[in-house]
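>>> Sequence and predicted structure are below.
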Amino acid sequence: MRISSRGLGRWAHRHAQWLFPAPAVLLVAVIIVYPIFYTGWMSLQEWFASSLTAPHFIGLANYRKIAIADARFREAVGRTIYFTIVAVGAETILGLAMALLFNREFWGRGLLRTLAILPMVATPTAIGLVFVMMYHPSLGVANYLLSVVGLSPWRWTYSSQTALYALALVDVWQWTPLIMLIALAGLASLPREPYEAAHLDGASTLRAFWHITLPLLRPALVVAVLFRAIDALKTFDIIFVMTQGGPANASETINILLFNQAFSYFNMGYASSMAVALFAVVMGASLILIKVRRSVTW
Amino acid sequence: MVRGSRHPWLSTAGFYGLAGLFMLPTVFVFYWMITLSLKPQVEAMAYPPSFVRFSVTAAGYREVFTKYPFFLYTWNSLVVAAGCTALGLAVGLPAAYSIARWRQQRLAVVILVARIIPGIAYLIPWYIFFRRLRMVDTYGALILTHLIVGLPIIIWVMISFFEDVPADLEDAALIDGCSYFGAFWRIALPLVKPGVMATAILSFVFSWNNFLFSVILAGRSTRTLPIAVYTMISYEEINWSTLAAAATLITLPVLLVALLAQRHIVSGLTFGAVKQ
C-alpha cells in the first residue's frame, strides 16, 4: 500500500505540469471548445428548435443567405461596426484628454481613481435602466439638462435617428475611464529625457505632445483601443435592456439580431451562422491585438 | 508626473474646474440613481426634477421587496456568483500557477481566446444541451456558464502574480522533499494571497453583472438580479423610485466590493495589457 502510494506520488511529480492545468483544460474543453464546434456544425443545418422536425444538413446555404440575401443582417453588421467606431472613438479622445489633464500630482488622485472604476463595474442592466429613465423624452433629466443650457430636447432612444448615438453615449459614460486609466499608466512610464531635450530646443508643449508623447504612448493606446473595440463589437446588455434593437431596427446590432433569431424565432441553424460571422469579425480584431501586443515591449 | 509641475499650463483653479467637469457625468448618474430611489413616487416623476430638495422615503425599496421576490433574486445572484468564483479559483489557480511556472504560452492563448469569443456564440449550444439535460433553471447551469467570464480573468491576472514569486523559494522546498503540490499550496499560494482576493472579487463582480447567459438559462426559481430588473422594465406602469431602488440595490454591493480590489480592477479588465 505504501509503495503504491509513493509510486503514485512519483508519477504525479513527473507529470505535475499536466496535472496542474488539467481540471481547467477539461472545463474549458467542455464549456468552450465543444460548444464552439457545435455552433460551427449547427450553422450548416436548418433547424427550428420550436418545431418537431429534426435538424437537416443544408451545407453553406445559411452563409450564402447572410452574405447575399439578408439585407437586415448586412445592415446589422454595418451598425455594429459604426457603433463601435463612434463609441470607442469618443472614448479614446476623451480618455486621452483626461489622462493628459490628470497626469500630475494633485490632491484627490486616489478619489479620481476610485470614481473612475465605478462605472466599469456597475451592473450594465442597472445602468441601462437608469439611462432609460434619464432619456425619457418628456420627464427625463437628460432633456431637462439640455433645456438648462438652452438646447432643444432630443428624442434619445425614442427616435431611430438618435437611438444608436444615445446608446453609444452610455458606452462612453461607462468605458472612457478605462482608456483614461491605461493612458495614465502609459504616461507614468514615459522616459523624461526626450522632454528635457525638447525643452532645451525650445519646443512648445503642443509640439512636444505631438512628436514625443503621442508616439511613445501609442502602444498603450492601441492596446486600450483594441480591448475596447473587441468588447464594443459584442455589446449586448445595454442595447437589449434599453431598446431591444429598436426603434424600427435602428439599434439592431449583430448580437441583438442573432439573439432574436435564436431565442425569439428559434431559428438555431441560421443564428449559428451569424454567430460564426460575428466570431470572425471579433477574432480579426483580436488577432491584430495579439500581434500588436507581441510587437511592443513594455 | 513631474511634467505637470514643470509646465504649469493650467492654473490650479482651472485644473480643478476642468477635472470637475470631466468627472461630473460619472458622479451625476450615481447621484441621480440614488436620490431617485429615495423620492416618493410623485416627486420621482416630477418635471422639472429636483436635485437637492426632495422628501426622503423608503417606499421605493419597500415596494421592491414586497411586490417582487427580490430576496430570492438576491440569493440567486449570490449563490451563482459565489459558486462561479469558488469553482473558478479551484481550477484556475493551479492552471495559472502551471502556466507561470512551466511557461505554457499556448494554454494561456487558448484562455485568452475564450475571453474574446462573443458570449452569444456559446449560448445556442448551451441552451440546447442544458435543455436536453433538464438543467435549465438550475444553479449548476448558471455557475458553469458564468465561468466563461470568471475563469479567464482569474487565470490571466493570476499568471502575472505567480510569475512574481521567486522560483528559488519553490526550488528550495522541492529539494527539501516537498511535492509540486506542496510547493504550490504552502509556498506560492500564501505569497499571492492579495492577488487571489482581487481576482476573486473581479470574478464575483462579473458573474453578478452577467445578463446574457442568465436571461436564457435562468428560470422562475433561479432568476438573478439583472434579469429581475429587465422583467421589471417590461411592465408599463411602473414607479420610477421603485426602478431606481432596484438599480441601486443591484449596483451598490458591486461598487462596495470593487472598491476593495480597485488597484487590480484595471489589470483584470485588460489582462494586464499595460503592466503597471
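That came in fine, so what should we check first?
>>> Now do the strands in the stretch 51-200 of chain A.
Listed in chain order, the strands of the stretch 51-200 of chain A (DSSP state E, counting those that start in this stretch) span A:56-57.
>>> ends of stretch B:103-123, how far apart?
With Cα to Cα, to the nearest Å applied, stretch B:103-123 spans 32 Å between its terminal residues.
>>> for the stretch 1-150 of chain B, which spans come out with low pLDDT?
Scanning the stretch 1-150 of chain B for pLDDT under 70 picks out B:1-9.
>>> Could you see whether chain B lies near stretch A:159-173?
Yes: with Cβ under 8 Å from any Cβ of the partner chain as the criterion, chain B is reached by stretch A:159-173 at A:Trp173. Where C-beta positions appear, they are placed from N, C-alpha and C, glycine not excepted.
>>> Which of the residues in that stretch are classified as buried?
A:162-173 (16 or more other Cβ atoms under 10 Å in any protein chain shown).
>>> cool, and stretch B:260-267?
Under 16+ other Cβ under 10 Å, the buried positions of stretch B:260-267 are B:261-262, B:264-267.
>>> Same question for stretch B:125-138.
Buried-residue list, stretch B:125-138, by 16+ other Cβ under 10 Å: B:125-130, B:135-136, B:138.
>>> and residue 214, what element?
The chain I'm using is chain A. Assigned by DSSP states H and E, A:Leu214 falls within helix A:214-233.
>>> actually it's chain B I care about, not the one you picked
helix B:212-217.
>>> what about that helix, average pLDDT?
For helix B:212-217, mean pLDDT rounds to 92.
>>> so what secondary structure elements neighbour it?
helix B:120-132, helix B:139-163, helix B:225-234 (3 or more Cβ pairs under 8 Å, 6 or more residues apart in numbering or on different chains; DSSP states H and E).
>>> so can I have JSON lines of those showing distance to chain A?
Conversion of these to JSON lines gives the following (distance: least, Cβ to the nearest Cβ, whole Å):
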{"stretch": "helix B:120-132", "distance to chain A": "4"}
{"stretch": "helix B:139-163", "distance to chain A": "6"}
{"stretch": "helix B:225-234", "distance to chain A": "4"}
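>>> Now B:Arg263: which helix or strand?
helix B:262-270.
>>> In terms of secondary structure, what does that helix contact?
helix A:109-121, helix A:163-188, helix A:214-233, helix B:139-163, helix B:193-209.
>>> quick one, it and helix B:139-163 angle?
110 degrees (axes from the mean of the first three to the mean of the last three Cα atoms, to 10 degrees).
>>> Off-centre distance for helix B:262-270?
Remark: helix B:262-270 is offset 11 Å from the chain centroid, using Cα atoms, centre = their mean, to the nearest Å.
>>> Kindly provide the distance from the residue lying closest to A:Thr53 once chain neighbours are set aside to B:Ile216.
Counting by Cβ to Cβ, 6 or more residues apart in numbering or on different chains, A:Thr53 lies nearest to A:Trp47, which is 7.8 Å off, once chain neighbours are set aside. For A:Trp47, the distance to B:Ile216 (Cβ to Cβ, to the nearest Å) stands at 17 Å.
>>> what's the helix or strand for the residue nearest to B:Leu142 when sequence neighbours are not counted?
Closest residue in space to B:Leu142, ignoring its immediate chain neighbours: B:Val80 at 4.6 Å, by Cβ to Cβ, 6+ apart. In this assignment (DSSP H and E), B:Val80 forms part of helix B:70-102.
>>> Next, the angle from the helix or strand hosting B:Tyr31 to helix A:109-121.
Using DSSP H and E, B:Tyr31 maps to helix B:12-38. Angle, helix B:12-38 to helix A:109-121, by the same axes, to 10 degrees: 40 degrees.
>>> Buried residues, helix B:12-38. List them.
B:15, B:19, B:22-23, B:26, B:29-30, B:32-33, B:35-38.
>>> Check whether B:Glu63 really touches B:Thr242, as I assumed.
Yes: here B:Glu63 reaches B:Thr242: they are 4.6 Å apart, a contact under Cβ atoms under 8 Å.
>>> Show residues contacting the following helix or strand past the helix holding B:Tyr31.
Counting by DSSP H and E, the next helix or strand C-terminal to helix B:12-38 is helix B:41-44. Helix B:41-44 is contacted from outside by B:36, B:50, B:54-55, B:59-60, B:239-241, B:244, using Cβ atoms under 8 Å, 6 or more residues apart in numbering or on different chains.
>>> again with stretch A:267-278
So stretch A:267-278 is contacted by A:39-40, A:42-49, A:55, A:58, A:62-63, A:65-66, A:73, A:77, A:233-234, A:254-255, A:257-258, A:261-262, B:118, B:120-121, B:124, B:128 (Cβ under 8 Å, 6+ apart).
>>> what's the residue nearest the centre of chain B in contact with, if anything?
Using Cα atoms, centre = their mean, the residue of chain B that lies closest to the mean C-alpha position is B:Val205, 1.8 Å off. Taking Cβ under 8 Å, 6+ apart as the criterion, B:Val205 is in contact with A:121, B:81, B:254, B:257-258.
>>> Neighbour-wise, give me the winner out of the residues you listed.
B:Ala81 (27 neighbours; other Cβ atoms under 10 Å in any protein chain shown).
>>> can I assume it is in contact with B:Asn209?
No: the criterion here is Cβ under 8 Å, and B:Ala81 misses it with B:Asn209 at 9.0 Å.
>>> re the thing from before, show me which of the buried residues of stretch B:125-138 is closest to A:Gly110.
B:Trp126 (41.5 Å; Cβ to Cβ).
>>> Next, find the distance separating the closest one from A:Met42.
B:Trp126 is 12 Å from A:Met42, by Cβ to Cβ.
>>> A:Gly202 too?
In terms of Cβ to Cβ, A:Gly202 sits 65 Å off from A:Met42.
>>> Out of those two, name the residue with the larger neighbour count.
A:Met42 (24 against 7).
>>> is it true that A:Trp54 touches A:Phe48?
Let me fix one detail, which is that residue A:54 is Ala and not Trp. No: checked against Cβ under 8 Å, the pair A:Ala54 and A:Phe48 is beyond contact range at 10.5 Å.
>>> Show me which of those two is the more surrounded one.
Using other Cβ under 10 Å as the criterion, A:Ala54 and A:Phe48 rank with A:Phe48 on top: 14 against 7.
>>> Look up phi and psi at the closest residue in space to the more buried one that isn't next to it in sequence.
Distances taken as Cβ to Cβ, 6+ apart put A:Phe266 closest to A:Phe48, at 5.3 Å, once the chain neighbours are dropped. A:Phe266 has phi and psi values of phi 50, psi 30 when expressed as degrees, to the nearest 10.
>>> Local confidence estimate at the residue nearest to A:Ser147 when sequence neighbours are not counted?
Take A:Ser147 and drop its neighbours on the chain: the residue closest to it by Cβ to Cβ, 6+ apart is A:Pro153, 6.8 Å away. At A:Pro153, the model reports a pLDDT of 89.
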